[in-house]
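> Build me a structure from this.
(one chain, ligands or ions: 2)
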Amino acid sequence: MGIMRIGKAELRVLDLEESVNYYTNIIGLEEVGRSAGRVYLKAWDEFDHHSLVLQEADSPGLDHFAFKVRNESDLEYYERKIEQFGCTLKRVSKGTRLAEGEAIRFTLPTGHQMELYHDIEHLGKKTGTLNPHPWPDEMKGIAPHRLDHVLLIGDDVKTVTRLFTEALEMFQSERIMTLDGEDMVGSFMHAQNGKAHDIAFIKGPDNKLHHAAFKVETWFDVLQAADRLARYDVPIEVTPTRHAMTRAETIYFFDPSGNRNEAYSGGYITYPDSPTITWTEDKIAHGIFYHRKEMIESFVNALT
Ligand SMILES: O=C/C=C/C=C(\O)C(=O)O
Ligand SMILES: [Fe+2]
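Ligands and ions are numbered 1, 2, ... in the order given. Next comes the predicted model:
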(Lines give C-alpha, C1' and ligand atoms only; values in the text may rest on other atoms or scores of the structure.)
(Ligands and ions follow the chains in the order given, each with its own letter.)
Protein backbone atom coordinates (compact mmCIF):
# COMPACT_ATOMS: atom_id res chain seq x y z
CA MET A 1 0.00 0.00 0.00
CA GLY A 2 2.31 2.70 -1.33
CA ILE A 3 0.06 5.76 -1.41
CA MET A 4 -0.12 7.30 2.08
CA ARG A 5 -2.07 10.59 1.90
CA ILE A 6 -2.72 13.78 0.04
CA GLY A 7 0.44 15.73 0.82
CA LYS A 8 0.33 18.94 -1.19
CA ALA A 9 -1.81 21.29 -3.22
CA GLU A 10 -0.56 24.12 -5.42
CA LEU A 11 -3.06 26.96 -5.70
CA ARG A 12 -3.11 29.77 -8.26
CA VAL A 13 -3.72 33.10 -6.53
CA LEU A 14 -4.27 36.60 -7.92
CA ASP A 15 -2.14 38.64 -5.51
CA LEU A 16 0.72 36.66 -3.99
CA GLU A 17 1.48 38.89 -0.99
CA GLU A 18 -2.20 39.30 -0.10
CA SER A 19 -2.56 35.51 -0.29
CA VAL A 20 0.56 34.87 1.79
CA ASN A 21 -0.83 37.24 4.42
CA TYR A 22 -4.18 35.36 4.40
CA TYR A 23 -2.68 31.84 4.56
CA THR A 24 -0.13 32.77 7.25
CA ASN A 25 -2.01 35.23 9.50
CA ILE A 26 -5.63 34.12 9.11
CA ILE A 27 -5.32 30.41 8.29
CA GLY A 28 -2.14 30.22 10.38
CA LEU A 29 0.22 28.27 8.09
CA GLU A 30 3.97 28.92 8.28
CA GLU A 31 5.87 30.27 5.28
CA VAL A 32 8.86 27.93 4.88
CA GLY A 33 10.35 29.19 1.65
CA ARG A 34 10.08 30.99 -1.67
CA SER A 35 11.46 30.12 -5.06
CA ALA A 36 10.71 31.03 -8.67
CA GLY A 37 7.60 33.04 -7.85
CA ARG A 38 6.14 30.36 -5.60
CA VAL A 39 5.61 30.54 -1.83
CA TYR A 40 5.76 27.32 0.23
CA LEU A 41 3.77 26.85 3.42
CA LYS A 42 3.14 24.13 6.00
CA ALA A 43 0.76 23.51 8.91
CA TRP A 44 2.17 23.17 12.42
CA ASP A 45 1.33 19.46 12.74
CA GLU A 46 2.92 18.44 9.43
CA PHE A 47 6.53 17.25 9.29
CA ASP A 48 7.27 17.54 5.56
CA HIS A 49 8.67 20.78 4.14
CA HIS A 50 5.33 22.07 2.77
CA SER A 51 1.75 21.12 1.98
CA LEU A 52 0.54 24.28 0.28
CA VAL A 53 2.23 26.11 -2.58
CA LEU A 54 0.97 29.46 -3.84
CA GLN A 55 1.75 30.69 -7.33
CA GLU A 56 0.65 34.05 -8.67
CA ALA A 57 -1.55 33.77 -11.78
CA ASP A 58 -4.20 35.68 -13.75
CA SER A 59 -6.94 33.34 -12.57
CA PRO A 60 -7.47 31.40 -9.32
CA GLY A 61 -7.74 27.62 -9.09
CA LEU A 62 -5.73 24.47 -8.58
CA ASP A 63 -2.46 23.98 -10.48
CA HIS A 64 -2.15 20.44 -9.13
CA PHE A 65 -2.48 18.31 -6.03
CA ALA A 66 -0.12 15.56 -4.95
CA PHE A 67 -0.23 12.33 -2.94
CA LYS A 68 2.83 11.08 -1.08
CA VAL A 69 4.01 7.48 -1.63
CA ARG A 70 5.85 5.39 0.98
CA ASN A 71 8.90 4.45 -1.09
CA GLU A 72 10.73 5.88 -4.12
CA SER A 73 10.08 2.53 -5.86
CA ASP A 74 6.34 3.15 -5.60
CA LEU A 75 6.68 5.86 -8.25
CA GLU A 76 7.65 3.34 -10.90
CA TYR A 77 5.00 0.88 -9.71
CA TYR A 78 2.17 3.41 -9.97
CA GLU A 79 3.63 4.91 -13.16
CA ARG A 80 2.97 1.57 -14.87
CA LYS A 81 -0.53 1.23 -13.40
CA ILE A 82 -1.48 4.79 -14.38
CA GLU A 83 -0.20 4.29 -17.93
CA GLN A 84 -2.07 0.98 -18.18
CA PHE A 85 -5.21 2.83 -17.06
CA GLY A 86 -4.68 5.18 -20.00
CA CYS A 87 -3.66 8.51 -18.43
CA THR A 88 -0.93 10.61 -20.04
CA LEU A 89 1.96 10.90 -17.62
CA LYS A 90 5.32 12.63 -17.33
CA ARG A 91 8.16 12.82 -14.81
CA VAL A 92 8.72 16.07 -12.91
CA SER A 93 12.46 16.38 -12.28
CA LYS A 94 14.03 16.84 -8.85
CA GLY A 95 14.36 20.52 -7.89
CA THR A 96 11.47 21.72 -10.04
CA ARG A 97 9.99 22.93 -6.77
CA LEU A 98 11.79 23.90 -3.58
CA ALA A 99 12.72 20.97 -1.29
CA GLU A 100 11.06 18.45 -3.62
CA GLY A 101 12.52 15.45 -5.42
CA GLU A 102 11.24 13.72 -8.52
CA ALA A 103 7.50 13.26 -9.05
CA ILE A 104 5.18 11.76 -11.63
CA ARG A 105 2.47 14.05 -13.02
CA PHE A 106 -0.59 12.85 -14.89
CA THR A 107 -3.90 14.18 -16.13
CA LEU A 108 -7.03 12.74 -14.54
CA PRO A 109 -10.13 11.81 -16.60
CA THR A 110 -11.65 14.99 -15.08
CA GLY A 111 -8.82 17.13 -16.51
CA HIS A 112 -7.09 17.85 -13.17
CA GLN A 113 -3.32 17.55 -12.78
CA MET A 114 -2.25 15.04 -10.11
CA GLU A 115 1.23 14.14 -8.91
CA LEU A 116 2.71 11.31 -6.89
CA TYR A 117 5.90 12.04 -4.99
CA HIS A 118 8.14 10.50 -2.36
CA ASP A 119 11.13 12.74 -1.86
CA ILE A 120 10.51 15.99 0.04
CA GLU A 121 12.71 17.64 2.66
CA HIS A 122 11.78 16.74 6.23
CA LEU A 123 11.33 19.83 8.44
CA GLY A 124 9.71 18.15 11.43
CA LYS A 125 7.18 19.66 13.83
CA LYS A 126 7.88 22.41 16.36
CA THR A 127 6.54 20.00 19.02
CA GLY A 128 9.43 17.66 18.15
CA THR A 129 9.52 13.91 18.70
CA LEU A 130 11.07 13.67 22.21
CA ASN A 131 8.70 14.13 25.19
CA PRO A 132 6.55 16.46 23.07
CA HIS A 133 3.99 18.95 24.42
CA PRO A 134 0.56 18.65 22.74
CA TRP A 135 0.73 22.06 21.06
CA PRO A 136 3.52 24.33 19.79
CA ASP A 137 4.07 27.53 21.79
CA GLU A 138 3.51 29.95 18.97
CA MET A 139 0.26 29.47 16.97
CA LYS A 140 -1.48 32.03 14.76
CA GLY A 141 -4.95 32.25 13.26
CA ILE A 142 -7.04 29.09 12.75
CA ALA A 143 -3.82 27.01 13.03
CA PRO A 144 -5.04 23.77 11.38
CA HIS A 145 -3.22 20.48 11.95
CA ARG A 146 -2.83 19.82 8.23
CA LEU A 147 -4.08 20.15 4.70
CA ASP A 148 -6.81 17.50 4.90
CA HIS A 149 -8.46 17.05 1.49
CA VAL A 150 -9.49 18.67 -1.76
CA LEU A 151 -12.88 18.46 -3.44
CA LEU A 152 -12.70 18.69 -7.23
CA ILE A 153 -15.37 19.16 -9.85
CA GLY A 154 -15.39 17.14 -13.06
CA ASP A 155 -17.69 15.29 -15.39
CA ASP A 156 -16.70 11.64 -15.37
CA VAL A 157 -16.86 10.83 -11.65
CA LYS A 158 -17.28 7.11 -12.32
CA THR A 159 -14.06 6.80 -14.36
CA VAL A 160 -11.93 8.93 -12.05
CA THR A 161 -13.16 6.77 -9.18
CA ARG A 162 -11.99 3.66 -11.07
CA LEU A 163 -8.57 5.29 -11.53
CA PHE A 164 -8.25 5.89 -7.77
CA THR A 165 -9.64 2.55 -6.63
CA GLU A 166 -8.16 0.28 -9.33
CA ALA A 167 -4.90 1.91 -10.47
CA LEU A 168 -4.03 3.80 -7.28
CA GLU A 169 -5.43 1.08 -4.96
CA MET A 170 -7.28 3.61 -2.80
CA PHE A 171 -10.69 3.19 -1.17
CA GLN A 172 -14.10 4.78 -1.73
CA SER A 173 -15.76 5.81 1.55
CA GLU A 174 -18.87 7.42 0.06
CA ARG A 175 -20.57 7.79 -3.31
CA ILE A 176 -23.55 9.81 -4.53
CA MET A 177 -25.70 7.99 -7.11
CA THR A 178 -28.51 9.16 -9.37
CA LEU A 179 -31.92 7.87 -8.29
CA ASP A 180 -31.94 5.26 -11.04
CA GLY A 181 -28.58 4.05 -9.71
CA GLU A 182 -27.07 4.43 -13.17
CA ASP A 183 -24.60 7.28 -12.72
CA MET A 184 -22.20 8.41 -10.00
CA VAL A 185 -22.33 12.14 -9.31
CA GLY A 186 -20.13 12.18 -6.22
CA SER A 187 -17.24 10.13 -4.87
CA PHE A 188 -15.17 10.36 -1.67
CA MET A 189 -11.89 8.45 -1.54
CA HIS A 190 -9.03 7.88 0.86
CA ALA A 191 -5.69 6.15 1.10
CA GLN A 192 -5.11 3.51 3.78
CA ASN A 193 -4.84 6.14 6.52
CA GLY A 194 -8.13 5.96 8.39
CA LYS A 195 -9.40 9.30 7.03
CA ALA A 196 -12.96 9.73 5.79
CA HIS A 197 -11.47 11.17 2.59
CA ASP A 198 -8.29 12.59 1.11
CA ILE A 199 -10.09 13.64 -2.04
CA ALA A 200 -13.64 13.91 -3.38
CA PHE A 201 -15.18 14.52 -6.80
CA ILE A 202 -18.58 16.05 -7.56
CA LYS A 203 -20.05 16.04 -11.09
CA GLY A 204 -19.79 19.37 -12.93
CA PRO A 205 -17.55 21.23 -15.38
CA ASP A 206 -14.13 19.59 -15.81
CA ASN A 207 -10.92 20.65 -14.14
CA LYS A 208 -12.41 22.87 -11.45
CA LEU A 209 -11.53 23.27 -7.77
CA HIS A 210 -14.40 23.25 -5.29
CA HIS A 211 -12.37 23.54 -2.09
CA ALA A 212 -9.18 22.82 -0.23
CA ALA A 213 -9.85 21.76 3.37
CA PHE A 214 -7.75 22.17 6.50
CA LYS A 215 -8.17 19.93 9.54
CA VAL A 216 -8.94 21.46 12.94
CA GLU A 217 -9.32 19.50 16.16
CA THR A 218 -12.93 19.90 17.33
CA TRP A 219 -16.33 21.46 16.68
CA PHE A 220 -15.29 24.32 18.96
CA ASP A 221 -12.29 24.99 16.69
CA VAL A 222 -14.70 25.28 13.75
CA LEU A 223 -16.68 27.87 15.76
CA GLN A 224 -13.48 29.68 16.69
CA ALA A 225 -12.42 29.63 13.02
CA ALA A 226 -15.72 31.32 12.18
CA ASP A 227 -15.02 33.95 14.86
CA ARG A 228 -11.58 34.70 13.39
CA LEU A 229 -12.89 34.80 9.82
CA ALA A 230 -15.65 37.21 10.88
CA ARG A 231 -13.10 39.32 12.76
CA TYR A 232 -11.03 39.73 9.59
CA ASP A 233 -14.02 40.11 7.21
CA VAL A 234 -13.20 36.92 5.31
CA PRO A 235 -16.26 36.01 3.20
CA ILE A 236 -17.99 33.07 4.94
CA GLU A 237 -20.16 31.04 2.58
CA VAL A 238 -21.62 28.56 5.10
CA THR A 239 -21.45 29.15 8.84
CA PRO A 240 -20.47 26.25 11.12
CA THR A 241 -22.57 23.18 10.52
CA ARG A 242 -22.62 19.37 10.28
CA HIS A 243 -21.83 17.16 7.29
CA ALA A 244 -23.67 13.85 7.31
CA MET A 245 -21.34 12.90 4.47
CA THR A 246 -18.08 12.00 6.25
CA ARG A 247 -19.87 12.88 9.53
CA ALA A 248 -17.64 15.95 10.01
CA GLU A 249 -18.15 19.50 11.25
CA THR A 250 -17.44 22.24 8.77
CA ILE A 251 -17.33 25.85 7.68
CA TYR A 252 -16.74 27.12 4.13
CA PHE A 253 -15.19 30.46 3.21
CA PHE A 254 -13.10 32.04 0.44
CA ASP A 255 -9.45 33.07 0.17
CA PRO A 256 -8.68 36.50 -1.35
CA SER A 257 -8.62 35.00 -4.88
CA GLY A 258 -11.99 33.30 -4.52
CA ASN A 259 -10.61 29.78 -3.92
CA ARG A 260 -12.95 28.09 -1.45
CA ASN A 261 -11.45 26.85 1.80
CA GLU A 262 -12.95 24.62 4.47
CA ALA A 263 -12.09 24.20 8.14
CA TYR A 264 -13.04 20.61 8.84
CA SER A 265 -13.13 18.67 12.13
CA GLY A 266 -14.24 15.17 13.05
CA GLY A 267 -15.07 12.69 10.34
CA TYR A 268 -15.33 8.96 10.97
CA ILE A 269 -12.44 6.49 10.82
CA THR A 270 -12.14 4.16 7.82
CA TYR A 271 -10.49 0.78 7.25
CA PRO A 272 -9.71 -1.01 3.97
CA ASP A 273 -12.79 -3.17 4.58
CA SER A 274 -15.16 -0.30 5.46
CA PRO A 275 -18.30 -0.64 3.33
CA THR A 276 -18.87 2.26 0.90
CA ILE A 277 -21.73 4.55 1.96
CA THR A 278 -24.22 5.40 -0.80
CA TRP A 279 -26.18 8.67 -1.01
CA THR A 280 -29.02 9.11 -3.46
CA GLU A 281 -28.85 12.34 -5.44
CA ASP A 282 -32.09 13.66 -3.89
CA LYS A 283 -30.38 13.66 -0.49
CA ILE A 284 -27.27 15.65 -1.46
CA ALA A 285 -28.32 18.86 0.31
CA HIS A 286 -29.18 16.88 3.46
CA GLY A 287 -25.87 15.05 3.27
CA ILE A 288 -23.78 18.20 3.01
CA PHE A 289 -25.80 20.65 5.13
CA TYR A 290 -27.36 18.28 7.64
CA HIS A 291 -29.26 20.92 9.60
CA ARG A 292 -30.53 23.26 6.89
CA LYS A 293 -31.07 20.50 4.27
CA GLU A 294 -31.01 23.13 1.48
CA MET A 295 -28.43 23.61 -1.25
CA ILE A 296 -26.77 27.01 -1.56
CA GLU A 297 -26.47 28.47 -5.08
CA SER A 298 -22.85 29.64 -4.61
CA PHE A 299 -21.85 26.19 -3.32
CA VAL A 300 -22.69 24.76 -6.75
CA ASN A 301 -21.50 27.64 -8.93
CA ALA A 302 -18.56 29.32 -7.18
CA LEU A 303 -15.75 27.19 -8.63
CA THR A 304 -12.18 28.18 -9.47
O1 LIG B 1 -19.83 19.07 -2.11
C2 LIG B 1 -20.29 18.05 -1.60
C3 LIG B 1 -19.78 17.49 -0.41
C4 LIG B 1 -18.91 18.16 0.40
C5 LIG B 1 -18.37 17.47 1.54
C6 LIG B 1 -17.21 17.92 2.13
O7 LIG B 1 -16.64 19.06 1.78
C8 LIG B 1 -16.52 17.17 3.18
O9 LIG B 1 -17.05 16.11 3.61
O10 LIG B 1 -15.42 17.62 3.57
FE1 LIG C 1 -14.64 19.11 2.31
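> Going along the chain, name the helices of the stretch 201-304 of the chain.
219-231, 284-288, 297-301 (DSSP state H, counting those that start in this stretch).
> Just tell me which of those helices ends up closest to ligand 1.
Checking those against ligand 1 by C-beta to the nearest ligand atom gives helix 284-288 as the closest, at 4.6 Å. (C-beta placed from N, C-alpha, C; glycine too.)
> What lies in contact with that closest one?
Contacts of helix 284-288 with the rest of the structure, by C-beta atoms under 8 Å, 6 or more residues apart in numbering, involve 176, 185, 186, 243, 244, 245, 279, 292, 293, 294, 295, 299.
> Tell me which two of these sit farthest apart.
Taking C-beta to C-beta as the measure, those span a maximum distance of 20.4 Å, between 185 and 292.
> more neighbours, the two?
Between residue 185 and residue 292, residue 185 has the larger neighbour count (other C-beta atoms under 10 Å), namely 18 against 14.
> In the stretch 1-150 of the chain, which residue sits nearest ligand 2?
Relative to ligand 2, the nearest point of the stretch 1-150 of the chain is residue 149 (5.7 Å; C-beta to the ion).
> and the helices of the stretch 201-304 of the chain as CSV, adding distance to residue 195, mean pLDDT and mean neighbour count?
Formatted as CSV, the helices of the stretch 201-304 of the chain follow (distance: least, C-beta to C-beta, whole Å; pLDDT from 0 to 100; neighbours: other C-beta atoms under 10 Å):
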stretch, distance to residue 195, mean pLDDT, mean neighbour count
helix 219-231, 17, 98, 17
helix 284-288, 18, 97, 18
helix 297-301, 22, 97, 12
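> And the ones you listed: which comes nearest ligand 2?
Each of the helices of the stretch 201-304 of the chain has some distance to ligand 2 by C-beta to the ion; the shortest is helix 284-288, at 8.9 Å.
> Paired strands for the longest strand along the chain, with orientation please.
In the chain, with assignment by DSSP state E, the single longest strand is strand 3-13. According to DSSP bridges, strand 3-13 has the following sheet partners: strand 52-56 (parallel), strand 61-69 (antiparallel).
> and that strand, is it in reach of ligand 2?
No - applying C-beta under 5 Å from the ion, one finds strand 3-13 separated from ligand 2 by no less than 11.7 Å.
> hmm, that strand in reach of ligand 1?
No - Strand 3-13 is not in contact with ligand 1 by C-beta under 6 Å from any ligand atom; minimum separation 12.3 Å.
> out of the helices of the stretch 201-304 of the chain, nearest to residue 258?
Shortest distance between residue 258 and the helices of the stretch 201-304 of the chain, using C-beta to C-beta, is found for helix 297-301: 10.5 Å.
> now that closest one: how far from the chain's centre is it?
Taking C-alpha atoms, centre = their mean, to the nearest Å, the mean C-alpha location of helix 297-301 is offset from the chain mean by 19 Å.
> what's next to it, contact-wise?
In this structure, residues lying in contact with helix 297-301 by C-beta under 8 Å, 6+ apart are 204, 237, 238, 252, 288.
> domains for this protein, by residue range?
Per the record, the chain has its domains at 3-117, 146-301, by automatic domain parsing.
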